[in-house]
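>>> Dropping a prediction and its sequence here:
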Amino acid sequence: MRMNSARGVLSGVILAAALAGCVTVGDQRHLKPVPPKLVASMQAKGMTVADPIVIRVFKEAELEVWKRDASGQYGLLKTYPVCRWSGQLGPKMQEGDRQTPEGFYTVRAGQMNPNSAYYLSFDLGFPNELDRALGRTGSALMIHGACSSSGCFAMTDDGAAELFALAREAIRGGQEGFQVQSFPFRMTPENLAEHRASRHIAFWRNLKEGSDHFEATRRPPKVASCGRRYVFNASPSGPGARFDAQAACPAYTVEAGAAMMVAAKQARDETRVREIVASGRAAVSYTYLDGSMHPSFREILRRSGPARLQALTSGAVEAALAEPKVTPTGTLSAASVPF
C-alpha cells in the first residue's frame, strides 16, 4: 500500500508539473472534479476515481470509458457521443489528410493540455511506432472539446471536461499512461462482413485482434509491433530478441490465458462472418464528404435549421456493392473476397 501511495503522489507531482506553465491564471476548467453522479456509478460497479482507465473510440461516433474494478478487470463506465470526427473510415496516412487515426495509443501526463484552444484536450500520440514504420505522418491528433474536428475526435465541452477529469484522476492514482483504442467501427462479425471489400480490411482485422484481446480478457492488451503490424500480449521467445515494427516478427509467445480465450472468440467470429457472407448479404462501400457525428447532435442541428445542418455535418453515403463474380477459372476476385 505504501508503494502504491508513493507512486500515486509521484504521478500527481508529474501531472501537476506537466500542467503547470500552460494554464491561464484563474482558469480552473482542468481541475473540475469528476461529477458526483459518475462517482456514484463507479462505486456501484466496484470502482474508484483513482482506478486506471481505458478509452475505446469508434467512428460510429461513440467513445467508451472503461475502468478497472475490484476484480482487476475493466468494466464499461460510460459511453459518450462523439460530436465530430473528420475524414473517412481508415487509418490516418499523412499530414493534412484530415483523417482521424485508427490504432492503439498511450496517453501520458505530458500529453494532456489544460489550456487547449479546444477547451481541454489530450494528444493521442500519433504517429506511434507502427504508424512511423508504415510511413504515416501527422501531428496534434487529439480528443478535445469544441465540437470541431480536423483529424481529431471532438466532444462537447462538458464531455471533454469529464474525460479530462477521469484521465487526470487515473494518472494521479498511479496509472503511468492510459490506452486509447481507436477503431473504424465495433469489431463485430457483422461489421467485418459488411466491410469485407474495403482496401483497409487487412489492417482492420489486425485491429480486431487487439479488440478481441481486450474483450476476451477485460484487460488492456500489451501492444507491440513487428512485421508492419500489431501484436498483442506477446513476448519474444529468443534471448535478446525484440519487436521492431519494420523488421520481421521474431518467434514469440502469447500469454497462455489470453491466447486461449482470444482463439475461442476468433473462431466463433470467423464462423459468423462466413455465415453472413454465405447468406448473400452485400458488402458496402462508403463515399464520404467529411466524417460524421453522433445522431443525437444531428437531431439538435436539424432543429436549428437546414443551413446549419448542411454547414456542420456531412455523413456517409452507404451503397451496396455487387457480389463478386466467379471467373472462368472458378476463382473470385481477391479484392472482393478478403477473408
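Received, thanks. Being a predicted model, the structure only gives us computed values, none of them experimental.
>>> Does the most centrally placed residue in the chain belong to a helix, a strand or coil?
For the chain, S182 is the residue whose C-alpha lies nearest the centre (CA atoms, centre = their mean; 1.9 Å). Three-state call for S182 (DSSP: H, G, I helix; E, B strand; the rest coil): strand.
>>> among the helices and strands of this protein, which one scores worst on average pLDDT?
strand 316-320 (a mean of 38; mean pLDDT, DSSP states H and E).
>>> How many neighbouring residues does E62 have?
The tally of other residues near E62 (other CB atoms under 10 Å) stands at 15. Every C-beta, even on glycine, is put in place using the N, C-alpha and C of the backbone.
>>> let's number from 22 now, not from 1
OK, 22 is where the count begins now, so the last one is E83.
>>> quick one on the thing from earlier: please name the bridge partners of the residue nearest to the centre of the chain.
Following DSSP bridges, S203 is listed with bridge partners V78, G124.
>>> Can you name the residues that contact it?
By CB atoms under 8 Å, 6 or more residues apart in numbering, S203 lies in contact with 78, 121-126, 145, 174.
>>> tell me which of those residues is nearest to I297?
Of all these, I297 sits closest to E123, with 22.4 Å by CB to CB.
>>> quick one, what contacts E116?
Counting by CB under 8 Å, 6+ apart, E116 makes contact with 158-160.
>>> let's see 6 Å
Contacts for E116 were tallied using CB atoms under 6 Å, 6 or more residues apart in numbering; they are 158-159.
>>> I'd assumed it was in a strand, is it?
No. E116: not assigned to a strand; according to three-state DSSP it is coil.
>>> Next, it: phi, psi?
phi -50, psi 130 (degrees, to the nearest 10).
>>> Tell me the confidence at it?
E116 carries a pLDDT value of 95.
>>> Distance of it relative to F147?
10 Å (CB to CB, to the nearest Å).
>>> Between the two, which contacts overlap?
G159.
>>> I'd like to know which elements the helix or strand E291 falls within is packed against.
Per DSSP states H and E, E291 falls inside helix 277-299. If you count contacts as 3 or more CB pairs under 6 Å, 6 or more residues apart in numbering; DSSP states H and E, helix 277-299 packs onto helix 210-215, helix 222-238.
>>> In contact with R157, which residues?
R157 touches 114, 148, counting by CB under 6 Å, 6+ apart.
>>> helix/strand/coil for it?
Going by three-state DSSP: R157 is coil.
>>> Near A223, how many residues? Count them for me, please.
10.
>>> now the one 5 residues further on
Counted by other CB under 10 Å, the residues lying close to L228 total 21.
>>> Kindly report the same for the one 5 residues further on.
D233 sits with 21 neighbouring residues when counted by other CB under 10 Å.
>>> roughly how far apart are it and S170?
Using CB to CB, we find D233 at a distance of 28 Å from S170.
>>> ok, now V60?
Taking CB to CB, one finds V60 at 29 Å from S170.
>>> Then L110?
Taking CB to CB, one finds L110 at 15 Å from S170.
>>> Okay, domains of this protein per the record?
22-206, 208-297 (automatic domain parsing).
>>> which of those has the lowest average pLDDT?
Among the domains of the chain, domain 22-206 scores lowest, at a mean of 87.
>>> where's that domain relative to the chain centroid, distance-wise?
Mean-position distance between domain 22-206 and its chain equals 10 Å (CA atoms, centre = their mean, to the nearest Å).
>>> Excluding sequence neighbours, find me the nearest residue to Q132.
Excluding the flanking residues, the one nearest Q132 by CB to CB, 6 or more residues apart in numbering is D144, at 4.1 Å.
>>> If you could redo that for P241, that was the one I meant.
Q200 (4.4 Å).
>>> contacting residues for that neighbour?
Here Q200 is in contact with 75, 127, 241 (criterion: CB under 6 Å, 6+ apart).
>>> tell me the SS of the last one?
Looking back up the chat, that one is P241. Classified using three-state DSSP, P241 is coil.
>>> Surely it touches I76?
No. The criterion here is CB atoms under 6 Å, and P241 misses it with I76 at 9.9 Å.
>>> Which member of the contacts of Q200 is positioned nearest K88?
For the contacts of Q200, the nearest to K88 is V75 (7.8 Å; CB to CB).
>>> Any idea how many residues pack against F253?
24.
>>> Also C168?
Neighbour tally, C168, other CB under 10 Å: 19.
>>> Identify the residue nearest it in space, chain neighbours excluded?
C104 (3.8 Å).
>>> Tell me if I'm right that that neighbour and T177 touch.
Yes. Shown here, C104 and T177 form a contact pair, counting by CB under 6 Å, at 5.4 Å.
>>> Sweet, I'm off.
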